[in-house]
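**Q** No letters, just coordinates:
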């Protein structure tokens, strides 16, 4: 699984997706072929600014092994202000999250392969009103 | 196109079949289907098998050859093909079998579906089913299959006012039906309170909103109508068997309160069969999660978008309602043997249309089944009519 993860680091560590210059469709994760324009696709890589709002969310209680220590955790569909919809974790308490809540991207750890395995990092989201305090407290979540 | 009829059906029991191996449950379903059709076996010209993940559940690939072997069909050298579409694998096998007869290539074929999940632990079982969504971009962030359906449920709640109680009613209905099905995994009734007190899996979905993952197998024998009458007085005709696809990940879909693949497949099926949603008498659909049943009511055209909950509140989809849905108990109570489910649905509709469904019998001449892969990236709709 490591090579598979490694190949996508650029897109996971920040919100780097793509845009089709023919039709303006934006994609995350990036696509190299536009499903609207197909052969007329003109795809270019694009970094999205990472602010948006929650369209739907769930608090996950029955978790895969690698997320046991985080449980329960919040997964949301987030509509980015300047881009597509993204599935991500939201770093907040299960009672804090709500539909419509504004969130901002943050670089965070997702999980690790056991005690001495690889650590998988990626982008999560934090509530916009907490983004300043979070930067200063350097949350480990 | 040739007309295609179901002339024989068989099904193993569904559940945690610890004492039975993959080969045994497949054989049970296959033999039952042959006996039901009155076939010896040598009349069968081809076999199609739906199986999602023999490779990971059993560390056994080449499932089609294995099944042909153990059911005695390799002796005749007939072609046997496995098809995979996550938990729509059975539906795909049914459709491939249907196409092979409809095209005129074959006269009699068998479509089977089988999954044996209990030989690996529950963690592994869950991980394997998670591969029916987008592993790299959904699985990575901890969006399990229940979590993805939970996102759909929350969106449906927000947009249309559907409630946890509405979801609970689906589970209660399907358990009530399953209690009447001798082959169901859960043959007991439950209450709304039982559902609402069960632990959360992924909010707002609770344990009793989720279908189990089960062991089980099912088989149907399809024949060209020209030969069907030699074997049965009650052929069940397949009027249409259609399939459609959607984006694999929820995040790429325009509206997650609808399954576009279901809508497309359903529209094609109604058109090909010259039937409308109003003319369907009985339905077996893919309630892997309770929310999926409500969304399916809408996408199959039984009620307009957003109003699925009305059908369950008003009892319209109960056994004694005007559109009985999941008389078998559905995936929730009959069990969800992944690759077997699409075939198992065809078996149930056949029992119902023949009038042989025992205590759960409804009054029906036409039926519809809906089999879904993952979170809706594959959908198969089949419409049936008694001859």
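**A** It's in. All figures in this text were calculated on a predicted structure; none of them were measured in a lab.
**Q** for the helix or strand bottoming out on mean pLDDT in chain B, packing partners?
**A** Confidence across the helices and strands of chain B bottoms out at helix B:122-130, with a mean of 92, counting by mean pLDDT, DSSP states H and E. In this structure, helix B:122-130 packs against helix B:54-57, helix B:145-160, with contacts taken as 3 or more Cβ pairs under 8 Å, 6 or more residues apart in numbering or on different chains; DSSP states H and E. C-betas here are computed from N, CA, C, even on glycine.
**Q** Give me the angle between that helix and helix B:145-160.
**A** With axes from the mean of the first three to the mean of the last three Cα atoms, to 10 degrees as the criterion, the two stretches helix B:122-130 and helix B:145-160 enclose an angle of 60 degrees.
**Q** contacting residues around helix B:122-130?
**A** Contacts made with helix B:122-130 from outside it, assessed by Cβ atoms under 8 Å, 6 or more residues apart in numbering or on different chains, are listed as A:62, A:64-65, B:52-53, B:56-57, B:86-87, B:117-118, B:120, B:139, B:144-145, B:213, B:338.
**Q** Which positions in chain A make contact with chain B?
**A** Counting by Cβ under 8 Å from any Cβ of the partner chain, the residues of chain A close to chain B are A:4-5, A:8, A:12, A:27-29, A:35, A:55-65, A:67, A:70, A:72-73, A:75-77, A:84-89, A:94, A:99, A:110, A:120, A:122, A:124.
**Q** Which of those residues are buried? Put it as a PyMOL command.
**A** When burial is assessed using 16 or more other Cβ atoms under 10 Å in any protein chain shown, the buried subset of those is captured in PyMOL by this command:
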select buried, chain A and resi 5+8+12+27+28+29+55+56+57+58+59+60+61+62+63+64+67+70+72+73+75+76+77+84+85+86+87+88+89+94+99+110+120+122+124
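**Q** Where helices are concerned, which of the residues of chain A next to chain B count?
**A** When these are checked against helices (DSSP state H), the matches are A:4, A:5, A:12.
**Q** Using JSON lines, lay out those together with distance to residue B:256.
**A** Output for those, formatted as JSON lines (distance: Cβ to Cβ, whole Å):
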{"residue": "A:4", "distance to residue B:256": "26"}
{"residue": "A:5", "distance to residue B:256": "26"}
{"residue": "A:12", "distance to residue B:256": "23"}
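**Q** that older thread, distance to chain A, mean pLDDT and mean neighbour count added to the helices and strands packed on helix B:122-130, as a markdown table?
**A** Conversion of these to a markdown table gives the following (distance: least, Cβ to the nearest Cβ, whole Å; pLDDT from 0 to 100; neighbours: other Cβ atoms under 10 Å in any protein chain shown):
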| stretch | distance to chain A | mean pLDDT | mean neighbour count |
| --- | --- | --- | --- |
| helix B:54-57 | 14 | 96 | 20 |
| helix B:145-160 | 4 | 98 | 25 |
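**Q** mind listing the strands in the stretch 201-350 of chain B by residue range?
**A** Counting by DSSP state E, counting those that start in this stretch, the stretch 201-350 of chain B forms strands over residues B:205-206, B:216-224, B:236-245, B:282-284, given from the N-terminal end onward.
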